[in-house]
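1. Need the 3D shape of this:
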Amino acid sequence: MSRTGVHISTTRLATTLTTRGRTVVALDASQPNDAFNLRSQLGQPFAAVGWLFREPPREGHRLGFRALGISTRLVLPKHRLWLLAAHSAPQPNTATSRHRRIWGSLLARGINLPGGARTQEFVSASEGGLRWAGGLALREAADLDAALDLIHAEPATLVVALDAALEREVEAVLKKGWSSSPGLPPSEILEWMVGREAVIFFPVGAFDDPESGVVGLGPRRLIEQLGAAHLG
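-> This is a model prediction of the structure:
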């Protein structure tokens with residue numbers, strides 16, 4: 001599969017995408033393609049868009065997140081980017097863990113949080129301890145750099161683009177929780193997305209992959225718009 005806190009101009013990003021990267025679109029991600037191969041349809045054919053770069057993973061991810069930030073602002077103005085943060089591994093059921101929850105635990109590890117309004121934090125019990133989750137409405141594309149740092153620290157964390165109607169459902173998603181599989185979209189989130197105007201974004205590409213970047217999965221109409229966004 002085809003798979004730095006500083007401001008990057010749209011022109012520079014477009015040049016990098018042209019010389020060392022590409023935008024790819026698959027209208028049915030369950031069929032072989034260069035964006036992302038999704039094995040489960042979950043009742044609807046998800047489409048995929050990928051911004052992929054011939055760069056090491058960390059740099060490819062950062063460039064990909066900047067591309068998605070610009071693209072969503074250009075073609076999905078009624079959608080807002082949300083960070084859905086969650087612990088990738090169960091936390092010990094201690095007074096400290098219950099006090100820190102998700103945001104406090106990240107701050108205690110020296111991880112900077114993006115700006116934006118936060119939801120209530122929710123906990124789910126799992127084998128080995130507790131997993132906390134919380135949502136944060138990103139204020140601007142620049143917050144995606146901090147969001148990516150958080151994703152690298154907690155791979156269960158993801159970014160979704162939601163319209164205003166779906167923002168009311170964020171807390172229900174957080175209450176339910178989701179599994180953690182780095183480089184793969186959680187099946188619980190995909191099930192919730194069926195029939196909804198939402199796009200999920202996640203980084204792809206490991207140390208030995210020729211390309212790295214970001215993939216988005218969602219309805220065909222939204223993916224086509226994102227893939228056609230002019231970044232230059």
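
2. Give me the residues contacting the host helix or strand of residue 85.
-> Secondary-structure element containing residue 85, defined by DSSP states H and E: strand 79-86. When contacts are defined by C-beta atoms under 8 Å, 6 or more residues apart in numbering, strand 79-86 is touched by residues 69, 72, 102-103, 106, 114, 116, 131-138, 141, 143-144, 147, 150, 154, 156-164, 167, 170, 173-174, 177-178, 180, 189, 197, 199. Quick note: C-beta positions are derived from backbone N, CA and C, even for glycine.

3. strands paired with that strand, and their directions?
-> Taking DSSP bridges as the criterion, strand 79-86 sits next to strand 129-137 (antiparallel), strand 158-163 (antiparallel) in its sheet.

4. CSV for the ones you listed, including distance to residue 228, mean neighbour count and mean pLDDT?
-> Output for these, formatted as CSV (distance: least, C-beta to C-beta, whole Å; neighbours: other C-beta atoms under 10 Å; pLDDT from 0 to 100):
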stretch, distance to residue 228, mean neighbour count, mean pLDDT
strand 129-137, 26, 21, 94
strand 158-163, 16, 23, 94
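
5. Distance to residue 45 for those - can I get that in CSV?
-> Written out in CSV, the entries for the strands paired with strand 79-86 read as follows (distance: least, C-beta to C-beta, whole Å):
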stretch, distance to residue 45
strand 129-137, 27
strand 158-163, 19
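
6. closest to residue 121 out of those?
-> In terms of C-beta to C-beta, the element of the strands paired with strand 79-86 nearest to residue 121 is strand 129-137, at 4.3 Å.

7. Tell me the helix or strand right after that closest one.
-> Past strand 129-137, further along toward the C-terminus, the next helix or strand under DSSP H and E is helix 143-153.

8. tell me which residues in that following helix are buried?
-> For helix 143-153, the neighbour count (16 or more other C-beta atoms under 10 Å) marks 143-152 as buried.

9. State the pLDDT value of residue 128.
-> Note for residue 128: predicted pLDDT of 83.

10. got a list of what residue 64 touches?
-> By C-beta under 8 Å, 6+ apart, the contact set of residue 64 is 50-53, 203, 212-214.

11. you'd agree residue 192 is in a helix?
-> Yes: Residue 192: assigned to a helix according to DSSP: H, G, I helix; E, B strand; the rest coil.

12. That one: neighbour count?
-> 20 (other C-beta atoms under 10 Å).

13. Find the nearest non-adjacent residue to it, please.
-> Leaving out its chain neighbours, the residue that sits closest to residue 192 by C-beta to C-beta, 6 or more residues apart in numbering is residue 173, at 5.8 Å.

14. From residue 108, how far off is that neighbour?
-> 25 Å (C-beta to C-beta, to the nearest Å).

15. before we move on, what about residue 72?
-> Separation of residue 72 from residue 108 (C-beta to C-beta): 31 Å.

16. Looking at those two, which has the bigger crowd around it?
-> For residue 72 and residue 108, the more surrounded residue by other C-beta under 10 Å is residue 72, and the numbers stand at 24 against 10.

17. tell me the SS of the residue nearest to residue 192?
-> Counting by three-state DSSP, the backbone at residue 173 sits in helix.

18. and the gap between it and residue 97?
-> From residue 173 over to residue 97 the distance is 22 Å, taken as C-beta to C-beta.

19. sorry, back to before: quick one: closest of the strands paired with strand 79-86 to residue 88.
-> Shortest distance between residue 88 and these, using C-beta to C-beta, is found for strand 129-137: 8.3 Å.

20. Specify the angle between the one helix or strand residue 66 maps to and strand 79-86 in degrees.
-> Using DSSP H and E, residue 66 sits in helix 57-75. Per axes from the mean of the first three to the mean of the last three C-alpha atoms, to 10 degrees, the angle that helix 57-75 makes with strand 79-86 is 150 degrees.
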